[in-house]
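Chemist: Test case, fold it:
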Amino acid sequence: MEQKAQGVSTSVYRYTHHCEGGADIQARAAMCAGPGFCRLGPADIHDVFVEKSVFRVLLYCISAALLGNVCRVLLSKETLCLCSFWSVSFSAIIAKWLQYKPVKKESLMIMPAFGIQLEQHFWSGRVHRQFVPVSKLLKPLLNECVTPVTCYWSLALLLRDENELMLVFKKLHPPVKMLVPIWKALCAFTNSDGISPSVVSRPDDLREQVDQDGALES
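Modeler: Just a heads-up that it's a prediction; the model follows:
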């Protein structure tokens, strides 16, 4: 059984949400739960895809080549001036900003009564999965992260007996309008033993919902 996917998209990311309860989901849950597994209801699945851009990949390759060429020229000099360090720093910032991410998508799967599974799917075909049992989940948190060069939102999990937060999306930085419905689904899940399936609202209403709930952690 699978519900029709709903979603939100930008020029960089695409978010989809659907519920699925097929044999593959049951097999994954049985693998996570181990002995004593009983059949579960439909899983709540949230996917964030990277919109592959050939232009962005090309710019990254060019900036990386320029950075390598600048470093080679500077290393061939006997002395370095202040201008040289500024050139390296500027090239490194540009390369970092255009960095091509090898991740195809990151997913959150909420399994009723068992827990959640975080997945990272790479363009190479490799998949990394991490299961968090429901007994360790305390609450989800939306954080505004500020760095010297950028500002973005992240979704994290507060876990029992853990000193550090666990990021839901470890490689990607989707916008807050994509994180809000996922955060709301996690809130519903951690506040009860079951799932209250999240509904993707209109993009213009998402930030207003965050302000009304008053649960953003800065």
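Chemist: just for the chain, where's the confidence low?
Modeler: 1-5, 22-41, 53-57, 59-60, 63-64, 66-67, 70-101, 192-218 (pLDDT under 70).
Chemist: let's see 50
Modeler: 1, 192-207, 210, 212-218 (pLDDT under 50).
Chemist: Helices of that one, start to end?
Modeler: 23-33, 54-75, 82-97, 176-190, 203-213 (DSSP state H).
Chemist: Tell me the spacing between residue 6 and residue 191.
Modeler: 22 Å (CB to CB, to the nearest Å). Every C-beta, even on glycine, is put in place using the N, C-alpha and C of the backbone.
Chemist: For these two, indicate the residue with more neighbours.
Modeler: Neighbour tally, residue 6 and residue 191, criterion other CB atoms under 10 Å: the higher count belongs to residue 6, 14 against 9.
Chemist: Tell me how far the more buried one lies from residue 190.
Modeler: Going from residue 6 to residue 190 by CB to CB gives 22 Å.
Chemist: Also residue 173?
Modeler: Distance, residue 173 to residue 190, by CB to CB: 23 Å.
Chemist: repeat for residue 44
Modeler: In terms of CB to CB, residue 44 sits 13 Å off from residue 190.
Chemist: So between those two, which is more surrounded?
Modeler: Just comparing residue 44 and residue 190: by other CB under 10 Å the higher neighbour count belongs to residue 44, 25 against 16.
Chemist: With the flanking residues excluded, which residue is spatially nearest to the more buried one?
Modeler: residue 110 (4.0 Å; CB to CB, 6 or more residues apart in numbering).
Chemist: show me what contacts the one you found?
Modeler: Contacts for residue 110 were tallied using CB atoms under 8 Å, 6 or more residues apart in numbering; they are 43, 44, 45, 46, 116, 185, 186, 189, 195.
Chemist: pretty sure the third one is touching residue 18, no?
Modeler: To tie it back to what came earlier, the one meant is residue 45. Yes. Shown here, residue 45 and residue 18 form a contact pair, counting by CB atoms under 8 Å, at 5.7 Å.
Chemist: Which one's more surrounded, the two?
Modeler: Higher neighbour count among residue 45 and residue 18: residue 45, with 22 against 17, using other CB under 10 Å.
Chemist: and the gap between the nearest residue to the more buried one once chain neighbours are set aside and residue 182?
Modeler: Nearest non-adjacent residue to residue 45, counting by CB to CB, 6+ apart: residue 109, 5.0 Å away. Plainly put, residue 109 is 11 Å away from residue 182 if you go by CB to CB.
Chemist: go on, residue 159?
Modeler: Computed with CB to CB, the distance linking residue 159 and residue 182 is 17 Å.
Chemist: Mind checking which of these two has more residues around it?
Modeler: For residue 159 and residue 182, the more surrounded residue by other CB under 10 Å is residue 182, and the numbers stand at 25 against 17.
Chemist: Can you tell me who the closest residue to that one other than its chain neighbours pairs with across the strands?
Modeler: Spatial nearest neighbour of residue 182, excluding adjacent residues (CB to CB, 6+ apart): residue 46 at 4.8 Å. Here residue 46 shows beta-bridge partners residue 17, residue 108, assigned using DSSP bridges.
Chemist: Tell me which residues touch residue 46, please.
Modeler: Counting by CB under 8 Å, 6+ apart, residue 46 touches 15, 16, 17, 107, 108, 109, 110, 181, 182, 185, 198.
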